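> Quick one, structure for this:
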Amino acid sequence: MTKADLIAQICKTTDLDKFIVQDVLEEFFEAVKENMAAGENIYVRGFGSFVNKKRAKKIGRNISQKKPVVIEAHYVPSFKPSKLFVESVKNSKKVWEANEDDDKESQRKEETVAQNA
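Okay, the predicted model is just below:
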């Protein structure tokens, strides 16, 4: 689902104008980005939490030069769904049906690769 699909779905269920929904959604995204960039975490009860996770300092590799590179400690944005959210997805029959289609497609690709090898 894309942002445009999400806007269309909200318009359909709320009877609000497309431009109003688009503006509200854009403002929501901006508020999340601005507050997380300022170090704030955002908690939405029943939905989940947008949190800044700290990544520790580590040694990586520059594979083109084959040299170690120090990657300093830094923060990355993360989303942690609420228990209600997780349960609703876990118990959704539509998710299982969609993933069965993906599994069948993966099997077909694997069989094609095996036949061509």
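> going forward, measure contacts between C-alpha atoms and count neighbours the same way
OK.
> can you tell me the helix or strand for the residue most central in space within the chain?
Nearest to the geometric centre of the chain sits F79, at 7.4 Å (C-alpha atoms, centre = their mean). Assigning secondary structure by DSSP states H and E places F79 in strand 74-81.
> That strand - which strands sit beside it in the sheet, and in what orientation?
In the sheet containing strand 74-81, the strands it pairs with under DSSP bridges are strand 48-55 (antiparallel).
> which residues touch the residue lying closest to the residue nearest to the centre of the chain once chain neighbours are set aside?
Of all residues not flanking F79 in the chain, F50 sits nearest, at 4.6 Å (C-alpha to C-alpha, 6 or more residues apart in numbering). Residues counted as contacts of F50 (C-alpha atoms under 8 Å, 6 or more residues apart in numbering) are V32, M36, N41, I42, Y43, P77, S78, F79, K80.
> how about those residues in CSV, adding pLDDT?
Shown next, in CSV, are these (pLDDT from 0 to 100):
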residue, pLDDT
V32, 95
M36, 95
N41, 95
I42, 96
Y43, 96
P77, 96
S78, 96
F79, 96
K80, 96
